[in-house]
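J.: Starting from these lines, generate the structure:
(chains A and B)
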Amino acid sequence: MATAVVARPVARPQPRARDEEVLVWPDLVFIEFISALVFTLALFALSLLVNAPLLDQANADVTPNPSKAPWYLLNLQELLLHMQPALAGVIVPTVWLVIMAAFPYFDQDNEGQGVWFGTENSVRLTVVSAIVAVVGTWLLILWDTGKIAMAMNDWFGISGGRTFAFLENVRALQSQLPWPEWSHRIPYLWFDLKILDEGYTGLGATSFHYLDLPGFLVEQAIPIAAMVGLPSLLIYALWKIGWVNTRRDAIIVLFTGFVAVFGVLTVTGTAFRGAGQELVWPWQLDVQEGIPGEGH
Amino acid sequence: MAVEQPARPTLADKIYDKLFHNYIWKSIFRTGYPNTPRNQMLIVATNVFLHLHPTRIHRTHVKITHTYCLGGLSFFMFLGLTVTGILLMFYYVPSVDRAYLDIQNIQTNVQFGQLMRNMHRWMAHAMVILVFLHMMRVFYTGAYKPPREFNWVVGVILLVLTFLLSFTGYLLPWDQLAFWAITVGTNIAGSAPILGPKTRFWLLGGFEVGQESLIRFYTLHVIGLPLLAAIFMAVHFWRIRRDGGLARPL
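T.: Model (predicted):
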């Protein structure tokens, strides 16, 4: 028996309209040549004006403060300050790359391709998502660094005192609330599951047995809820007011939000994180080198 | 009645004829000089470099604001990085004892060495930015839609490869910036659940950044990752042609 092939609509390249076409030589080759030339000259000029950085020779004993990853990874380094390292450094970027790669399989509608912002609403969706993401990310960073609580106190004289100290930042939920003793050791497996015996940290195997509830909330649950919940909430709100109508609309919100958050985190990590990864103004950035614990 | 006689060939015509209609030119380019539509199409179709293009293209696609040349420029950066990278390789030895001195040597003793290093560094940053902007262009023009789904996936892979190429190159100057950036970067990788420490050890060839890390990053940077990127780029470009060129409204 031959296997039945299920017929399914396949998108084909559109028929070609010859009268709408121009010759690649010279019309396209010329543009490519000029843009390559412009870039070569611009980079040549930049290279004449600005030298590539070269600091002192590498020294494992002298730790610069702050130590920073290359700029395009500073978004992850910024994320690391707010949640569990594995979540910020590995899981979030991996999951995001998979989600992004899956875009075309989620949105298979042919409409709106080949032109900038080809679908209805796409411009305002992009603008609104970008603004919401930029402002929202900044607010979250300011809250988690305790700057909002500080500003409320300094500028408006409003202080939560001891009662509301747990709202100062996300860590305070763990440290400022009277968590009962048992909540730090909730068994979720009936045996101690140990995986991999080695690790550069010297901490030994990863153990899966008990759950530290406050730690889990602060380092994993709340960040995940924020990263999944806030974009979902935005898409939901924009759907409610009738702006998001198609899958394309939804991923425009998602993608724009990603670009904006990526930008904010990169800029924050690059220009606003000083010694000890404290949040400072760009002109207060000052790299200190020294042996930890010895001062200069 | 006087019959109109063809004009006598001028000196320029004769030189032109000698230059472009001779045996050697034709043996290299097959076609004459591309000054007629026929020759212009033939030169694109018969030249290995130009045949990445179709011979004709929709008129909206040559508008600069449609693509801003971002994909092409990303590729151009890759080529420029290859050229400057090869020049730097002449003077650079990936050893913890020599690497830093070699960079200093490149900057001070080698003719145009500082310029080559600067070009390589700024082009690398430019490539990361251009690739990212290219991704945004493709997204906002809806160019990932059928039949180009998989090419978008290939693009995401190329984005990751671009980051990795840049990241592996970051260690090579062996200065404080390089050393600690890679320490921070690989610590991020090391924090992955379960596989993290293993991955970090495999990346660095040890528990901390040292000679083994340098040679690994160097090898990946100069041959492993460029080869991989070249393969994915070939697939990426090939599929653009197969899928009917750039996306167009229905």
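
J.: Tell me where chain B has strands.
T.: Here chain B has its strands, by DSSP state E, at B:56-58.

J.: center of chain B - which residue?
T.: In chain B, the residue lying closest to the centroid (Cα atoms, centre = their mean) is B:Phe78, at 2.3 Å.

J.: Spit out the contact partners of that one.
T.: By Cβ atoms under 8 Å, 6 or more residues apart in numbering or on different chains, the residues touching B:Phe78 are B:127, B:226, B:229, B:233. Glycine gets a C-beta too; all of them are placed from N, C-alpha and C.

J.: Export those to CSV and append columns for distance to A:Arg171, pLDDT and neighbour count.
T.: Shown next, in CSV, are the contacts of B:Phe78 (distance: Cβ to Cβ, whole Å; pLDDT from 0 to 100; neighbours: other Cβ atoms under 10 Å in any protein chain shown):
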residue, distance to A:Arg171, pLDDT, neighbour count
B:Met127, 38, 97, 21
B:Pro226, 43, 97, 18
B:Ala229, 41, 98, 19
B:Met233, 44, 97, 18
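
J.: Which ones among those map onto helices?
T.: If you go by DSSP state H, the contacts of B:Phe78 have B:127, B:226, B:229, B:233 in helices.

J.: Skip the chain neighbours and tell me the closest residue to the third one.
T.: What it means is B:Ala229. B:Leu161 (4.6 Å; Cβ to Cβ, 6 or more residues apart in numbering or on different chains).

J.: roughly how far apart are the one you found and B:Met127?
T.: 11 Å (Cβ to Cβ, to the nearest Å).

J.: A:Val280 against A:Val287, yeah?
T.: No: if you go by Cβ atoms under 8 Å, A:Val280 and A:Val287 don't touch, sitting 12.0 Å apart.

J.: circling back: out of the contacts of B:Phe78, which comes closest to B:Asn109?
T.: Taking Cβ to Cβ as the measure, B:Asn109 lies nearest B:Pro226 of the contacts of B:Phe78, at 27.0 Å.

J.: wouldn't that closest one be in contact with B:Leu79 here?
T.: No: in this structure, B:Pro226 is not within contact of B:Leu79 by Cβ under 8 Å, at 10.8 Å.

J.: Show me what residue of chain B gets nearest to chain A.
T.: B:Gly244 (2.8 Å; Cβ to the nearest Cβ).

J.: give me every residue that touches residue 96.
T.: All of this is about chain A. By Cβ under 8 Å, 6+ apart, A:Trp96 lies in contact with A:Phe258.

J.: let's do chain B instead
T.: A:58, B:174, B:210-211, B:214.

J.: and if we set it to 7 Å?
T.: Shown in contact with B:Val96 (Cβ atoms under 7 Å, 6 or more residues apart in numbering or on different chains): B:174, B:210-211, B:214.

J.: What is the burial count for B:Met77?
T.: If you count neighbours by other Cβ atoms under 10 Å in any protein chain shown, B:Met77 ends up with 24.

J.: Ends of stretch A:44-54, what's the gap?
T.: Distance across stretch A:44-54, first residue to last, is 19 Å (Cα to Cα, to the nearest Å).

J.: Does chain B have contacts with that stretch?
T.: Yes: Stretch A:44-54 is in contact with chain B by Cβ under 7 Å from any Cβ of the partner chain, via A:46-47, A:51-54.

J.: Can I get stretch B:226-242 as PDB, trimmed to CA atoms?
T.: The C-alpha coordinates for stretch B:226-242 follow below in PDB (Å, rounded to 0.1, in the frame of the first residue of the first chain):
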ATOM      1  CA  PRO B 226      33.600  30.800  10.900                       C
ATOM      2  CA  LEU B 227      33.300  27.400   9.000                       C
ATOM      3  CA  LEU B 228      30.000  26.700  10.800                       C
ATOM      4  CA  ALA B 229      28.800  30.300  10.000                       C
ATOM      5  CA  ALA B 230      29.800  30.000   6.400                       C
ATOM      6  CA  ILE B 231      27.800  26.800   6.000                       C
ATOM      7  CA  PHE B 232      24.700  28.300   7.600                       C
ATOM      8  CA  MET B 233      25.200  31.500   5.500                       C
ATOM      9  CA  ALA B 234      25.300  29.300   2.300                       C
ATOM     10  CA  VAL B 235      22.000  27.700   3.400                       C
ATOM     11  CA  HIS B 236      20.600  31.100   4.300                       C
ATOM     12  CA  PHE B 237      21.400  32.700   0.900                       C
ATOM     13  CA  TRP B 238      20.500  29.600  -1.100                       C
ATOM     14  CA  ARG B 239      17.100  29.500   0.400                       C
ATOM     15  CA  ILE B 240      16.500  33.200  -0.200                       C
ATOM     16  CA  ARG B 241      16.900  32.400  -4.000                       C
ATOM     17  CA  ARG B 242      14.900  29.100  -3.700                       C
END
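
J.: Just the buried residues of that stretch, please?
T.: The neighbour-count check on stretch B:226-242 (16 or more other Cβ atoms under 10 Å in any protein chain shown) flags B:226, B:228-229, B:232-233, B:236-237, B:240 as buried.

J.: Touching it from outside, list them.
T.: By Cβ under 7 Å, 6+ apart, the surrounding residues in contact with stretch B:226-242 are B:52, B:54, B:75, B:78, B:82, B:150-151, B:154-155, B:157-158, B:161, B:165.

J.: make it 8 Å
T.: Stretch B:226-242 has contacts (Cβ under 8 Å, 6+ apart) with B:52, B:54, B:75, B:78, B:82, B:148, B:150-151, B:154-155, B:157-158, B:161-162, B:165, B:246.

J.: Now for these: which two are most distant?
T.: Longest span within the contacts of stretch B:226-242, Cβ to Cβ: B:Pro54 and B:Leu165, 28.9 Å.

J.: quick one: B:Met89 from B:Leu81, how far?
T.: Look at B:Met89 and B:Leu81: by Cβ to Cβ, they are 12 Å apart.

J.: Which one of these two is surrounded by more residues?
T.: More neighbours surround B:Leu81 than the other of B:Met89 and B:Leu81, with 22 against 12 (other Cβ under 10 Å).

J.: contacting residues for the closest residue to the more buried one other than its chain neighbours?
T.: With sequence-adjacent residues excluded and distances taken as Cβ to Cβ, 6+ apart, B:Leu81 is closest to B:Met123, at 5.2 Å. Neighbouring residues of B:Met123 by Cβ under 8 Å, 6+ apart: A:43, B:77, B:80-81, B:84.
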